[in-house]
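**Q** this is the structure alone, sequence omitted:
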């Protein structure tokens, strides 16, 4: 009798699994958008003034990706048989849907549907625009950092804090899994008193209540490393920055829709004019193994979330991402979106600055050096939802430590571009000359990074260079015909390109290593210095 009952239960469970997995996940890419030209010519209708100002300051054009998805198309999709709309993306002009394979494929009959990519790559009739999965890991200012002292002073960030660079005026969006009690905890009282807890949204449950979700306190602890403040006991890396809190991770399951939630949140952050995004999430496998990624897909341009993170960087947001906690597992390498070239990927070290064995490593699969840098992620001091200072392990915490530090650096150098800030952080790091797959460029020195960014440009107003950053050939817009004498020095003052006379206003810099350089221009009228970054 018991055996028959057990068999019946087993059969029912198998039937339930089949029913669940019969529901497929897919991205539906749309053909066009509405009123694109009008929206771009009048951007205040689609972006906040802060977002417009940030783009203008960095010379980033407003384009069709800033225009929202056509809501009429979404309404029509929702009306289709068996289709559930889960999320949308203006950057990709796409909608994430859930339904049966048959019902999803039927959407191709709609005139406004351009293409469909299933999360299960085996259902695609052509190479998919792949997706990713996340896994959560586990006046002079004189702060007494308390339990946070080691993780702050390891980065020489106290140097910036002492100069009153504490993140004020900089906006950070935290994309995570849950922010339990942030609105009531005493350790965030300073944040609330200064009106720096701006807003939040739960993209999973589709509501504005991000504080009462009790399924995970991960976001609370992540936020504490930046914004936490308990006098004489704990100070985060950016206690005076402003924060948006977005829940994008569903801790009850691992599903590709979480990638779409993340992209939605990043788009919201862009529209709000956010300066920095921190995400302590990473994706490799899902509950349905048909959606799993392979190691070869951590190539910086395959998964949906990675491509979204790259666009966020293009939009002028500094995206800081945890490397992942797979260093000691068979997976071993960084997890999407940490493979993205346009993000700053952060690994973990211990209190002595030594590699933490769980920290995901870089590999030759990624197109750029990963991780970029490291910070304390082993026995990191964090504050939990009960206002208790505890220690936790994970690149989940080294990443926001860096994100908060960058907020302080950006406050000190508000006109620096994403590339300039990121490159200065890399160049300031402990093993910049000899990066590896464990520590990347090493542990940043934020006082040194500020020095690198503070070198002035001398009267470069009437001569411009492009592109910047540059890969091979630097172009000057000086008048043709007049020879110009130029030289290039590095950040240590060493001349790396000797005096060279230009007749065609072009300089080959392909032989230079990646980094920040200074172009010295000598003409009959004046001497000028212009900073540029070599990719």
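**A** That came through, no problem. No experiment lies behind these values; they were computed from the predicted model shown.
**Q** right, and residue 529 touches residue 520 too?
**A** Yes: between residue 529 and residue 520 there is a contact under C-beta atoms under 8 Å: 5.6 Å. Every C-beta, even on glycine, is put in place using the N, C-alpha and C of the backbone.
**Q** neighbour-wise, which of the two wins?
**A** Under the criterion of other C-beta atoms under 10 Å, the comparison of residue 529 against residue 520 puts residue 520 first, with 18 against 15.
**Q** the closest residue to the more buried one other than its chain neighbours: neighbour count?
**A** Excluding its sequence neighbours, the residue lying closest to residue 520 (C-beta to C-beta, 6 or more residues apart in numbering) is residue 487, at 4.7 Å. With neighbours defined by other C-beta under 10 Å, the count for residue 487 comes to 16.
**Q** residue 487 and residue 494 touch, don't they?
**A** No: with contacts counted by C-beta under 8 Å, residue 487 stays clear of residue 494, the gap being 11.0 Å.
**Q** how about stretch 403-420: buried residues?
**A** Neighbour-count burial for stretch 403-420, with 16 or more other C-beta atoms under 10 Å as criterion, is recorded at 403-413, 416-420.
**Q** kindly report the same for stretch 168-185.
**A** Of the residues in stretch 168-185, those with enough neighbours to count as buried (16+ other C-beta under 10 Å) are 168, 170-183, 185.
**Q** before we move on, what about stretch 443-459?
**A** In stretch 443-459, the ones that count as buried by 16+ other C-beta under 10 Å are 443, 444, 445, 446, 447, 448, 449, 450, 452, 453.
**Q** surely the first one forms part of a strand?
**A** Yep, that's residue 443 we're talking about. No: assignment of residue 443 by DSSP: H, G, I helix; E, B strand; the rest coil gives coil, placing it outside any strand.
**Q** can you pull up the bridge partners for residue 336?
**A** The residues paired with residue 336 through beta bridges, assigned by DSSP bridges, are residue 283.
**Q** surely it meets residue 303?
**A** Yes: with contact defined as C-beta under 8 Å, residue 336 counts as touching residue 303 (4.1 Å).
**Q** between the two, which one's more packed in?
**A** Each of residue 336 and residue 303 had its neighbours counted (other C-beta under 10 Å), and the higher figure belongs to residue 336 (30 against 27).
**Q** which residues in the chain form helices?
**A** Under the criterion DSSP state H, the chain carries helices at the ranges 2-22, 36-41, 49-57, 71-78, 101-105, 149-153, 158-162, 189-193, 218-227, 257-271, 304-314, 395-412, 418-427, 446-454.
**Q** to residue 376, which of those helices lies closest?
**A** Nearest of these to residue 376, taken as C-beta to C-beta: helix 149-153 at 4.0 Å.
**Q** please enumerate the strands of the stretch 401-535 of the chain.
**A** For the stretch 401-535 of the chain, the strands identified by DSSP state E, counting those that start in this stretch occupy 465-466, 473-476, 484-490, 495-502, 506-508, 515-522, 527-534, in order along the chain.
**Q** in the second one, what's buried?
**A** Meaning strand 473-476. Counting neighbours by 16+ other C-beta under 10 Å, one finds that the buried residues in strand 473-476 are 474, 476.
**Q** quick one: the strands in the stretch 101-250 of the chain?
**A** According to DSSP E, counting those that start in this stretch, the strands that the stretch 101-250 of the chain contains are 113-118, 171-176, 197-202, 229-230, 234-235, 242-247.
**Q** what's next to the second one, contact-wise?
**A** The one in question is strand 171-176. For strand 171-176, contacts defined as C-beta atoms under 8 Å, 6 or more residues apart in numbering pick out 50, 136, 198, 218-219, 222-223, 226, 238, 241-249, 262, 265-266, 268-269, 272-281, 400, 403-404, 407.
**Q** at 6 Å what do you get?
**A** 218-219, 222-223, 241-246, 248, 262, 265, 269, 274-279, 407 (C-beta atoms under 6 Å, 6 or more residues apart in numbering).
**Q** relative to it, what are the paired strands and their orientations?
**A** For strand 171-176, the paired strands and their directions (DSSP bridges) are strand 242-247 (parallel), strand 276-279 (parallel).
**Q** so can I have JSON lines of those showing distance to residue 117?
**A** Converted to JSON lines, these look like this (distance: least, C-beta to C-beta, whole Å):
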{"stretch": "strand 242-247", "distance to residue 117": "24"}
{"stretch": "strand 276-279", "distance to residue 117": "22"}
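**Q** put together JSON lines for the helices of the chain, with distance to residue 364 and mean pLDDT on each row.
**A** Supplementary listing: those in JSON lines, determined by distance: least, C-beta to C-beta, whole Å; pLDDT from 0 to 100:
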{"stretch": "helix 2-22", "distance to residue 364": "34", "mean pLDDT": "45"}
{"stretch": "helix 36-41", "distance to residue 364": "40", "mean pLDDT": "93"}
{"stretch": "helix 49-57", "distance to residue 364": "34", "mean pLDDT": "92"}
{"stretch": "helix 71-78", "distance to residue 364": "40", "mean pLDDT": "98"}
{"stretch": "helix 101-105", "distance to residue 364": "36", "mean pLDDT": "96"}
{"stretch": "helix 149-153", "distance to residue 364": "31", "mean pLDDT": "98"}
{"stretch": "helix 158-162", "distance to residue 364": "35", "mean pLDDT": "96"}
{"stretch": "helix 189-193", "distance to residue 364": "42", "mean pLDDT": "98"}
{"stretch": "helix 218-227", "distance to residue 364": "30", "mean pLDDT": "99"}
{"stretch": "helix 257-271", "distance to residue 364": "25", "mean pLDDT": "98"}
{"stretch": "helix 304-314", "distance to residue 364": "17", "mean pLDDT": "98"}
{"stretch": "helix 395-412", "distance to residue 364": "20", "mean pLDDT": "98"}
{"stretch": "helix 418-427", "distance to residue 364": "19", "mean pLDDT": "93"}
{"stretch": "helix 446-454", "distance to residue 364": "27", "mean pLDDT": "91"}
